[in-house]
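Student: just coords:
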């Protein structure tokens, strides 16, 4: 059981990294601390979907990690 959960955890982590990289359009290191100069814009369409999917996958990753911790 534990190896299956670990494989799922690895797949989730790769998917999370891919989604985060996809969301970083034009966000350089300077804009990470507010140096981008653009105003806040609400996310729509695909951007909103990828952001919500990232949140869901992070939550699942967290739950799976906690579950892996307690399974022997």
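Tutor: Perfect, I can see it now. Predicted model, so just to flag it, every value in this text is computed and none were measured.
Student: in the helix or strand that contains residue 59, which residues are buried?
Tutor: Per DSSP states H and E, residue 59 falls inside helix 46-70. Buried residues in helix 46-70, counted by 16 or more other CB atoms under 10 Å: 50, 54, 57, 61, 64. C-betas here are computed from N, CA, C, even on glycine.
Student: what about this structure, any weak spots by pLDDT?
Tutor: 25-43 (pLDDT under 70).
Student: again, only this time at 80
Tutor: 24-44, 72 (pLDDT under 80).
Student: quick one on the thing from earlier: out of the buried residues of helix 46-70, who's nearest residue 13?
Tutor: residue 61 (6.4 Å; CB to CB).
Student: pretty sure that closest one is touching residue 16, no?
Tutor: Yes. Assessed by CB atoms under 8 Å, residue 61 is found in contact with residue 16 at 6.3 Å.
Student: report the contact partners of residue 19.
Tutor: 50, 53, 54, 57 (CB atoms under 8 Å, 6 or more residues apart in numbering).
Student: quickly find the element holding the spatially closest residue to residue 54 that is not a sequence neighbour.
Tutor: Once flanking residues are discounted, residue 54 sits nearest to residue 19: 4.5 Å by CB to CB, 6 or more residues apart in numbering. Here residue 19, judged by DSSP H and E, is contained in helix 2-23.
Student: and that helix with helix 46-70, angle?
Tutor: Inter-element angle recorded for helix 2-23 and helix 46-70: 150 degrees (by axes from the mean of the first three to the mean of the last three CA atoms, to 10 degrees).
Student: any chance of JSON lines for the buried residues of helix 46-70, columns distance to residue 44?
Tutor: Output for the buried residues of helix 46-70, formatted as JSON lines (distance: CB to CB, whole Å):
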{"residue": "50", "distance to residue 44": "11"}
{"residue": "54", "distance to residue 44": "16"}
{"residue": "57", "distance to residue 44": "20"}
{"residue": "61", "distance to residue 44": "26"}
{"residue": "64", "distance to residue 44": "30"}
